[in-house]
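Chemist: Please work out how this folds:
(2 chains)
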Amino acid sequence: MSEASPFDVEATRKDFPFLEREIRGQQVAFLDSAASSQKPRAVIDAVSEFYATSYANIHRGVYQLSAEATEKYEGARDQVQHFLHAEDRREIVFLRNATEAINLVARAWGDENLQPDDEILITALEHHANIVPWQMLSERRSCRLRVAPIDARGEIDLNAYESLLSERTKIVAITHVSNAIGTINPLPEMIAMAKARGITVLVDGAQAVPHMNVDVKSLGCDFYTFSGHKLFAPSGIGVLYGCHSMLESMPPFLGGGDMIETVTFEKSTYAKSPGKFEAGTPDIAGAIGLSAAIEYLKGFDQAQLERWETGLLTYAEKRLSELDGLRIIGNARNKAPVVSFVVDGVHPHDVGTALDQSGVSVRVGHHCAQPLMEIFEVPATVRASFSIFNTPSEIDRLTQALSETMEIFR
Amino acid sequence: MENLRELYQSTILDHNKKPRNFREIPGCDHQADGHNPLCGDKLRVFVELDGDVVNDLSFEGAGCAISIASASLMTDSVKGKKIEDIETLFDLFHTLLTTPSTTEIDVSPLGKLAVFSGVREFPMRVKCATLSWHTLRAALDKKNEVAKTE
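Modeler: Predicted coordinates:
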């Protein structure tokens, strides 16, 4: 698509069958893509067609169907490799989701490489998925978990972050984009600071891949993780990128079929990565759906999508700031299309229930980021997040429904 | 919006804004904490017994309008009642919240608690309305654990 043809949101909306559904007599304004994205027809069809025509287990059969399934599954690996700009297809491991990917690294890499009194550095913006596995690792290895602070806007304090990097720091685990308040972290600076000290870096990219181009090579991180279900793909498929030498040096995570070379009752030898980390029959259809989702996104001009989503964010922040008694939480200068807010005197859960009555779907709660909620001194927030099929008129519906809700609770 | 007005009746909005018995009972016989891990609502219920009668009852905490109003109305409804009657009341209250609106229920024994009938249309919110009751039960059982909705 060229710059001359503007982004056509109406055509894009036709790609998403869920928009044909009415709830309480109206089309849903789905403003919760940060929790999980809706699926375009292309993804649904790819999965359905695979099950209907080419399904079999992979890496085993000598027959035609198995060969086709294997080819599609491994083709999905190539697709993800190019999507992340990884150097080598063997650097792409298919798992269930970003959570499993982070747990894999904490177990397989962490247990091998961390010694008592070593430190793990995360940030105050992390999702529980990038906190708890490191806490568990810290307990197993008697290590310390340190947390880089954020400022009042919700941006990482780079000076404080750098001062927390020491010779005891063995790994930095940071989110690319905050799921709760949308902050985009300055990854190039953060990774460079860690790498200058020889520290391993893992990036939780779950909230980033749906909104921006990611180049793991130029970022220079050792690990990058994401979930397919936030990227228009089915739930149950996720990705761990790990630089090849790192993956090769790591022991397996789960044991079972497909991850071995030879097995005897005395001893087994393991396959090379990525097979080493893909024990058991994987989510074959999920990988194929993920490949279809990436293919779908390739049909757009990424810069146009980003402009559209940034436009939605700007418009939402403008409309929401017109409402008295509404406070936006997180005002980072560089934000993904996510806006978190609280309403004076109305608990987020009551807001969520009320908005749902107007057909507006938002997320309410702590967004699996309880420590971050404590920093902003709120028990929970309402979060509206935007995707390529959202429109300014849906933001008008959000604003109108909020205004009516505030009226009820006045 | 009609369902919404039905859910957030004026009594509920009033008890949310001005919760009754919203205080600590220092040195009381029974107290317990309640927590809904899904939404983060947290309550503490204080009970003072005289034999098997609830002499005084109060609560503190933070949560949505349904959970705060339910706790407030619970303290009003339960004060002066016998423990066994409280159990019966909770059972009936729970039945009200979880029975489809098409089924007739005699709500007269519930008194003011009947204002929560709108919750039936919102199954996701039943736990909000019952958190304080679970916490009261834990306080009466003198369990030293946090009452959870999960």
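Chemist: check contacts around A:P17.
Modeler: A:P17 is in contact with A:39, A:41, A:44, counting by Cβ atoms under 8 Å, 6 or more residues apart in numbering or on different chains. For the C-beta atoms, the positions are set from N, CA and C on the backbone; glycine is no exception.
Chemist: Show me which positions of stretch A:35-49 end up buried.
Modeler: Within stretch A:35-49, the residues scored as buried using 16 or more other Cβ atoms under 10 Å in any protein chain shown are A:35, A:37-40, A:42-44, A:46-47.
Chemist: I'd like to know which elements the host helix or strand of A:E112 is packed against.
Modeler: Element membership of A:E112 [criterion: DSSP states H and E] is helix A:111-113. Helix A:111-113 is packed against helix A:132-141, with contacts defined by 3 or more Cβ pairs under 8 Å, 6 or more residues apart in numbering or on different chains; DSSP states H and E.
Chemist: which residues sit against the helix it packs on?
Modeler: Helix A:132-141 has contacts (Cβ under 8 Å, 6+ apart) with A:99, A:102-103, A:105-107, A:110-111, A:114-116, A:118, A:120, A:122, A:143-145, A:173.
Chemist: quick one: the helices in chain B?
Modeler: B:2-7, B:10-17, B:65-78, B:83-98, B:126-140 (DSSP state H).
Chemist: Lowest mean pLDDT across the ones you listed, which one is that?
Modeler: With a mean of 82, helix B:2-7 has the lowest mean pLDDT of the helices of chain B.
Chemist: the domain parsing of chain A - what is it?
Modeler: Domains of chain A are assigned by automatic domain parsing as A:9-30+A:301-409, A:45-298.
Chemist: Now render these as CSV, adding mean pLDDT.
Modeler: CSV is the format used below for those (pLDDT from 0 to 100):
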stretch, mean pLDDT
domain A:9-30+A:301-409, 95
domain A:45-298, 97
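Chemist: how about the residues of chain B near chain A?
Modeler: Contact residues (Cβ under 8 Å from any Cβ of the partner chain) of chain B with chain A: B:1, B:3-5, B:7-8, B:13, B:17, B:38-41, B:62-66, B:122, B:124-125, B:128.
Chemist: element containing A:E404, please.
Modeler: helix A:392-409.
Chemist: still on that earlier bit, generate CSV for the domains of chain A, with distance to B:F93 as supplementary columns.
Modeler: Shown next, in CSV, are the domains of chain A (distance: least, Cβ to Cβ, whole Å):
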stretch, distance to B:F93
domain A:9-30+A:301-409, 20
domain A:45-298, 33
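Chemist: Nearest to B:D29, out of those?
Modeler: The closest of the domains of chain A to B:D29 is domain A:9-30+A:301-409. By Cβ to Cβ, the value is 29.1 Å.
Chemist: Can you flag the buried ones in the contacts of helix A:132-141?
Modeler: Neighbour-count burial (16+ other Cβ under 10 Å) applied to those gives A:99, A:102-103, A:105-107, A:110, A:114, A:118, A:120, A:122, A:143, A:173.
Chemist: Now do the contacts for residue 131.
Modeler: I'll assume chain A. A:122, A:145, A:371.
Chemist: Can you look at chain B instead?
Modeler: Residues in contact with B:L131 (Cβ under 8 Å, 6+ apart) are B:34, B:36, B:41, B:43, B:63, B:67, B:70-71, B:147, B:149.
Chemist: circling back to that earlier point, closest one to A:Y241 among the helices of chain B?
Modeler: With Cβ to Cβ as the measure, helix B:126-140 is the member of these nearest A:Y241 (39.0 Å).
Chemist: Could you check the angle the closest one makes with helix B:83-98?
Modeler: Interaxial angle of helix B:126-140 relative to helix B:83-98 (axes from the mean of the first three to the mean of the last three Cα atoms, to 10 degrees): 170 degrees.
Chemist: ok so, going back, just the buried residues of the helix holding A:E404, please?
Modeler: A:394-395, A:397-399, A:401-402, A:405-406, A:408-409.
Chemist: That one - contacts with which helices or strands?
Modeler: strand A:29-30, helix A:302-321, strand A:338-343, helix A:348-357, strand A:360-361.
Chemist: Correct me if wrong: A:G205 contacts A:F223.
Modeler: No: contact criterion Cβ atoms under 8 Å: A:G205 and A:F223 do not qualify, at 9.7 Å.
Chemist: can you list the residues of the stretch 301-410 of chain A near chain B?
Modeler: Listed as neighbours of chain B in the stretch 301-410 of chain A under the rule Cβ under 8 Å from any Cβ: A:345-350, A:353-354, A:357-358, A:364-366, A:370, A:373, A:379-380, A:404, A:408-409.
Chemist: Which of the contacts of helix A:132-141 fall in helices?
Modeler: The helices, defined by DSSP H, take in A:99, A:102-103, A:111 from the contacts of helix A:132-141.
Chemist: Among these, which pair sits farthest apart?
Modeler: For these, with distances taken as Cβ to Cβ, the pair at the greatest spread is A:T99 and A:D111 (17.7 Å).
Chemist: picking up where we left off before, show me just the buried residues among the residues of chain B next to chain A.
Modeler: Buried among those by 16+ other Cβ under 10 Å: B:4, B:7-8, B:13, B:39-41, B:63-66, B:122, B:125, B:128.
Chemist: farthest pair in the residues you listed?
Modeler: For these, and using Cβ to Cβ, no pair is farther apart than B:L4 and B:G40, which are 22.3 Å apart.
Chemist: residues touching whichever residue of chain B sits closest to chain A, list them.
Modeler: Residue of chain B nearest chain A, by Cβ to the nearest Cβ: B:C64 (3.9 Å). For B:C64, the contact set (Cβ under 8 Å, 6+ apart) comprises A:347-350, B:39, B:41, B:125, B:128.
Chemist: what's the farthest-apart pair in the residues you listed?
Modeler: A:P348 and B:R125, at 12.9 Å, using Cβ to Cβ across these.
Chemist: can you list the residues that contact stretch B:78-91?
Modeler: B:21, B:49, B:52-57, B:77, B:109-110, B:113, B:133, B:136-137, B:140.
Chemist: so which of those comes closest to A:Q304?
Modeler: Once Cβ to Cβ is applied, the member of the contacts of stretch B:78-91 that ends up nearest A:Q304 is B:W133, at 53.2 Å.
Chemist: Can you show me the helices along the stretch 151-300 of chain A?
Modeler: A:158-164, A:187-195, A:216-219, A:244-249, A:284-298 (DSSP state H, counting those that start in this stretch).
Chemist: Of all the residues in the shortest one, which ones are buried?
Modeler: Put plainly, it is helix A:216-219. Within helix A:216-219, the residues that qualify as buried are A:216, A:219, counting by 16+ other Cβ under 10 Å.
Chemist: The first one now?
Modeler: Of the residues in helix A:158-164, those with enough neighbours to count as buried (16+ other Cβ under 10 Å) are A:161, A:164.
Chemist: same thing with the fourth one?
Modeler: By neighbour count, with 16+ other Cβ under 10 Å as the criterion, the buried positions of helix A:244-249 are A:244, A:247.
Chemist: Show me what it is packed up against.
Modeler: Helices and strands touching helix A:244-249, as assessed by 3+ Cβ pairs under 8 Å, 6+ apart, are absent.
Chemist: And for it, what's in contact with it?
Modeler: For helix A:244-249, the external contacting residues (Cβ under 8 Å, 6+ apart) are A:87-88, A:90-91, A:93, A:109, A:200, A:222-223, A:272-274, A:276-277.
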